[in-house]
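[1] Need coordinates for the following:
(one chain, ligands or ions: 1)
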Amino acid sequence: MKEENLKSMTDLVAMCKRRGFIFQSSEIYGGQGGFWDYGPLGVELKMNVKNRWWRSMTLQKNIVGLDSAIIMHPEVWKASGHIDGFIDPLVDCKTCKARFRADQIDLNVSCPNCGESGTFTEPRDFNLMFKTQIGPVEDSASAAYMRPETAQGIFVNFNTVQGTMRQKVPFGIAQIGKAFRNEITPGNFIFRQREFEQMEMQYFVKPGSQLEEMESWKEMRWNWHLSNGLRADHLKWEPHGPDNLAHYADAAIDIEFKFPHGWGEMEGIHSRTDFDLSQHEKFSGKNLNYVDQLDGNKKYLPYVIETSVGLDRTILALMCDAYRLENPGEKEKERVVMKFHPKIAPIKFAVMPLMKKPQLEELASKMFGDLQENFLGEYDVSGSIGKRYRRQDEIGTPYCLTVDFDSLDDHSVTVRDRDTMNQERISIDNVKSYLSQKL
Ligand code: GAP
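    Alright, predicted model coming up:
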């Protein structure tokens, strides 16, 4: 059998729209660049990924969760360096008005949009934070920002969380939430958006132990991506050298995924020293020292290992990796199948009465109701059975259960495996345990 991986993002974007995974935001008004909406299947996929990340963090005894506000005190962003440093150089084409990041194009050649040459404005700095205001009066005192990363919510709550949860270093705080960046050139579907979700964890460690701790987090995070079903040869490490190491870090490395547009960052693992805590100490005037009872009540600012993964980029990687076109060009045999790991798949099973007949529907509905208590499924009765299988293949449903006329006598159903398309007959009484075992 011939099988092709995803070749172009266009195919995935079309499938996502056709099947209810992800749509352009505000589409009926012509869309809004850099913003996307997750449809019914997309939101289930997202929940599964979020839950797996959340459990991988908070089931460890020394990691606790947090959900901090999106809009924080404006001083936070002065302390973090975002007001002065979260800047991209921007140029406009004077002819067609298209906007580019000056560091991403060659300013000596013609405009990639209209082809005119020598039309770029001088580069100017552009802060990527979205600005808003608090309260009814629009003045400089009311200016506020939508957070560009979730991490700062963790840093400013470090002391409170440590105290209330009686955590001892090393310990971590995990958070999932929206972040906003006014990207100059959003694109590649949900790879670079202006509103996206991050899953970040700050692990507070004793100064001096940070590089050893970072090594163990690297291993854990790599294995987490593999546990979701990503293929190892589609992942690679990309270390930050002295030229691109952030000012706050003494070591940093990215996990990259092989997207159709090329290798791209999915997760960053950073050793952030005590930069953030010391900045917040300085700007807030509050003492954020940790008292180490296990080390003679020594006082210090912990160092931080950060694991920061984009939820949307993880989802994009999972979808690109799962997408297969089988038997391309062979009319009857061609199929698109999303080979999601069953734990990630948005829909776990589909129940299909072979035909629209009351006896079959009665049995099928009863079985569907029983299974839905444990797993999310779909009930599909319309169209030919072949078409129904193809639809489930395309949304990545691992198992299809068909109720036919024999089922009325032998109380059994046919289970079809998404990947092999093999079918086996099992008793309806055993379906629940069969799925529990497989999923
Ligand atoms: N707290 C550290 C931090 O925010 P980052 O490398 O700027 O680090 C972390 O972002 C992750 O967030 C990235 O690896 C990526 O997965 C995701 N991310 C960043 N910008 C994004 C954007 N514009 N659209 C979608 N995801 C983005």
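
[2] My read is that Met214 contacts Ala251, right?
    Yes: the criterion here is C-beta atoms under 8 Å, and Met214 meets it with Ala251 at 6.1 Å. In short, each C-beta sits where N, CA and C put it, glycine included.

[3] The two: which is more packed in?
    Met214 (22 against 17; other C-beta atoms under 10 Å).

[4] residue in this protein nearest to the ligand?
    Gly310 (2.3 Å; C-beta to the nearest ligand atom).

[5] ok so, going back, overlap in contacts, Met214 and Ala251.
    Listed as contacting both Met214 and Ala251 by C-beta atoms under 8 Å, 6 or more residues apart in numbering are Ser271.

[6] Spell out which residues of this structure are next to the ligand.
    For the chain, the contact set with the ligand under C-beta under 6 Å from any ligand atom comprises 149, 151, 181, 183, 192-193, 196, 198, 200, 265-268, 306, 308-310, 312-313.

[7] Narrow these to those in helices?
    Ala151, Asp312, Arg313 (DSSP state H).

[8] who touches the last one in this structure?
    Just to be clear, that refers to Arg313. Ile190, Phe191, Phe196, Phe257, Gly264, Glu265, Met266.

[9] Just the pLDDT for the fifth one.
    Predicted confidence (pLDDT) for Gly264: 98.

[10] ok, now the fourth one?
    Listed pLDDT for Phe257 reads 98.

[11] Give me the nearest residue to it, chain neighbours excluded.
    Ala317 (4.1 Å; C-beta to C-beta, 6 or more residues apart in numbering).

[12] That neighbour: how many residues sit nearby?
    25.

[13] which ones among the contacts of Arg313 are found in strands?
    Phe196, Phe257, Gly264, Glu265, Met266 (DSSP state E).

[14] which residue is nearest the centroid of the protein?
    The centroid of the chain falls nearest to Leu311 when counting by C-alpha atoms, centre = their mean (1.6 Å).

[15] I'd say that one and Glu200 touch.
    No: the criterion here is C-beta under 8 Å, and Leu311 misses it with Glu200 at 10.2 Å.

[16] Mutual contacts of these two, please.
    Common neighbours of Leu311 and Glu200, using C-beta under 8 Å, 6+ apart, are Ile176.

[17] Next, count neighbours for Cys96.
    Cys96: 13 neighbours (other C-beta under 10 Å).

[18] Just read off the phi/psi values of it.
    Dihedral angles of Cys96 (phi, psi; degrees, to the nearest 10) stand at phi -100, psi 0.

[19] how would you label the residue nearest to it when sequence neighbours are not counted: helix, strand or coil?
    Closest residue to Cys96 apart from its sequence neighbours, by C-beta to C-beta, 6+ apart: Cys114 at 3.8 Å. For Cys114, the assignment made with DSSP: H, G, I helix; E, B strand; the rest coil gives coil.

[20] Need the phi and psi values for Cys114.
    Given degrees, to the nearest 10, the pair of backbone angles that Cys114 has is phi -110, psi -10.

[21] Run through the residues that contact it.
    Cys93, Thr95, Cys96, Ala98.
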